[in-house]
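[1] no sequence for this one, just the structure:
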Ligand SMILES: *Cc1c(COP(=O)(O)O)cnc(C)c1O
């Protein structure tokens, strides 16, 4: 990377960076820490989340770096983690641009913080206007024509905020090749929502490429402030030289590690999928309106053009909905973030297309992680498949399968518990997570009806009466002839339904008679499933969510 030293600010090359007390030692764990003038006690409230907040955090925690590297498919040494991508943008400018001399190049309209961050540091921003709607095409050669010897960074946002349009890898590669000594910073804040491939694929080939990532949008982390810069090691080292001494807060590091776990990523993925299908639904509905143009988008927002953006912006505000008025950048446009299905229904209803609103499926996803169990439950009350269940307890899997199958809903339930100790925690925690998932999927809809079902199984008879009343009550009447079914303790059955009734906030009355414990238990699960099946059926097309507006 011969070009690098020529481009970096000379004083940053020479800079002796701030050295924190602990970074002088490779491993300070287990030592009596009297080196950093910290306070020895954890402050109030002394919850688990607060542990270690009295200590200075690791400036670049290796565990988090390696998880990010793994996730993005780069080397740990190629990652910097900071307080959102915004901080990464500032630091890149700080490393490369000398005030009142250098410039950055980008296009417009785009994410406005590149220019603001440059302005703050006394750096000129050169912007090329994008082509007109609906393609917002970038004339790459013309943009490159803005570059001179003092151009240090080209910022490129794809998918672009606010147009939602994307650039292909070939176009990005064209710029990397054309300007091999200028850093190309590709902002992929919305890439998770798009079909395009990440520019990371080009990192091995072009050492002037910097890819900027954020957890704010796709990972629902806007409040945590976490973003990364992916680049070759020498660039990462320069960024670390100019970063704040301890950019990441200890609680944020801890939360991020949990979110980047397998379960966390699975939950994020399922929500990204929902947002993409919601984007397509809102796009289709708004496109039917005559006086609105909706531009296609690869992100979690839509840009629409209307006759009078200021008026519609105010109208929406009057209906309790705030969108982003981009009139100043692109005349008469509004940028609308894709929200939850219910929020999107409210938006569509405000535009008068509430009657055409597609039926929103009643889904939920619950993740429950404790020291004893890690559980993921995904439920769709309006689909009957797939049903995927794995708890590590064969008999329990079988019963839960009955519950979903005869309940008439789709369920993915994955639990990893301390079943080597006993089944107690797993059965109880699954019941809690399942009840919560069912309750969330049902939304505000409380059954006032009482549903009941009786299931004969050979000599046994099981019955369930169920009311989604909003209050958790269990009446359990069953005497089992044996304490075990295989290796499953039968006493856990009552315990399961107790936890379920509590978390689902339902009154559940169960009764079973018989001579075979397996038959009786299976009968109880089936009867409960059948009663649930009746209770969760939607009897009217009116969406509870739009009632307030229609
Ligand atoms: C939201 C956004 C960011 C900021 O990300 P943070 O990590 O929250 O700082 C960066 N780039 C674009 C294009 C954005 O829309």
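    Thanks, I have the structure now. As the structure is a computational prediction, the values presented were derived from the model and not from experiment.
[2] Grab the nearest non-local neighbour of residue 381.
    Ranked by CB to CB, 6 or more residues apart in numbering and with sequence neighbours excluded, the top spatial neighbour of residue 381 is residue 362, at 4.2 Å. For glycine as for every other residue, the C-beta is placed from the backbone atoms N, C-alpha and C.
[3] For the residue of the chain found nearest the ligand, grab the count of nearby residues.
    Residue nearest to the ligand within the chain: residue 84 (2.7 Å; CB to the nearest ligand atom). Residues contacting residue 84 under the criterion other CB atoms under 10 Å number 21.
[4] Contact partners for it?
    For residue 84, the contact set (CB atoms under 8 Å, 6 or more residues apart in numbering) comprises 214, 216, 225, 226, 227.
[5] so residue 142 touches residue 129, yeah?
    No: at 9.3 Å, residue 142 does not count as touching residue 129 under the criterion of CB atoms under 8 Å.
[6] what about the residue positioned nearest the centre of the chain, helix or strand, and which?
    The centroid of the chain falls nearest to residue 219 when counting by CA atoms, centre = their mean (2.8 Å). Using DSSP states H and E, residue 219 sits in no helix or strand.
[7] And it, how far from residue 340?
    Distance, residue 219 to residue 340, by CB to CB, to the nearest Å: 16 Å.
[8] shaky segments in the stretch 401-550 of the chain?
    Judged against pLDDT under 70, the low-scoring parts of the stretch 401-550 of the chain cover residues 444-448, 538-550.
[9] Show me what counts as buried in stretch 422-429.
    By 16 or more other CB atoms under 10 Å, the buried positions in stretch 422-429 come out as 423, 424, 425, 426, 427, 428, 429.
[10] Flag every residue of the stretch 51-200 of the chain that's near the ligand.
    Residues of the stretch 51-200 of the chain lying close to the ligand by CB under 6 Å from any ligand atom are 84, 85, 86, 111, 157, 161, 187, 189.
[11] Number of residues surrounding residue 262?
    Neighbourhood size, residue 262 [other CB under 10 Å]: 11.
[12] err, residue 89, not the other one
    When neighbours are counted by other CB under 10 Å, residue 89 registers 25.
[13] Let me know the helix or strand that it is in.
    Short version, using DSSP H and E: residue 89 is in helix 84-96.
[14] quick revisit: work out for me the element the closest residue in space to the residue nearest to the centre of the chain that isn't next to it in sequence sits within.
    In space, and not counting its chain neighbours, residue 219 is closest to residue 268: 5.1 Å by CB to CB, 6+ apart. Here residue 268 sits within helix 262-287, counting by DSSP H and E.
[15] what's the spacing between that helix and its chain's center?
    Relative to its chain's centre, helix 262-287 lies at 10 Å (CA atoms, centre = their mean, to the nearest Å).
[16] now swap in stretch 406-421 and tell me
    That offset, for stretch 406-421, works out to 22 Å (CA atoms, centre = their mean).
[17] cool, stretch 310-329 as well?
    In this view, stretch 310-329 has its centroid 26 Å away from the chain centroid, taken as CA atoms, centre = their mean.
[18] Could you point out the helix or strand that follows the helix holding residue 89?
    strand 103-108.
[19] The contacts of residue 84: which two are farthest apart?
    214 and 225 (9.3 Å; CB to CB).
[20] Those two - which one has more neighbours?
    Using other CB under 10 Å as the criterion, residue 214 and residue 225 rank with residue 214 on top: 24 against 20.
[21] Phi, psi for the more buried one please.
    Main-chain dihedrals, residue 214, degrees, to the nearest 10: phi -140, psi 150.
[22] Near residue 380, how many other residues are there?
    When counting by other CB under 10 Å, one arrives at 18 neighbours for residue 380.
[23] try residue 512
    Count around residue 512 with other CB under 10 Å applied: 25.
[24] What's opposite it in the beta bridge?
    Residue 512 has these beta-bridge partners by DSSP bridges: residue 462, residue 478.
[25] For it, which residues are in contact?
    By CB under 8 Å, 6+ apart, the neighbours of residue 512 are 460, 461, 462, 463, 477, 478, 520, 521, 523, 524.
[26] Distance check, the first one against residue 520.
    As defined by CB to CB, residue 460 lies at a distance of 5 Å from residue 520.
[27] can you list residues touching both of the two?
    512, 513, 514.
[28] residues touching the second one, list them.
    Spelled out, that is residue 513. Residue 513 neighbours (CB under 8 Å, 6+ apart): 460, 461, 478, 520.
[29] likewise residue 408?
    Taking CB under 8 Å, 6+ apart, we find residue 408 in contact with 384, 529, 532, 533, 536, 537.
[30] Got phi/psi on it?
    Residue torsions, per degrees, to the nearest 10, at residue 408 are phi 80, psi 30.
[31] Please apply the same query to residue 334.
    According to degrees, to the nearest 10, residue 334 has phi -130, psi 140.
[32] Okay, and the beta partners of it?
    On the basis of DSSP bridges, residue 334 is bridged to residue 304, residue 325.
[33] ok, now which ones touch it?
    By CB under 8 Å, 6+ apart, the residues touching residue 334 are 303, 304, 306, 309, 312, 313, 323, 324, 325, 326, 327.
[34] same question, residue 459
    514, 515, 516, 519.
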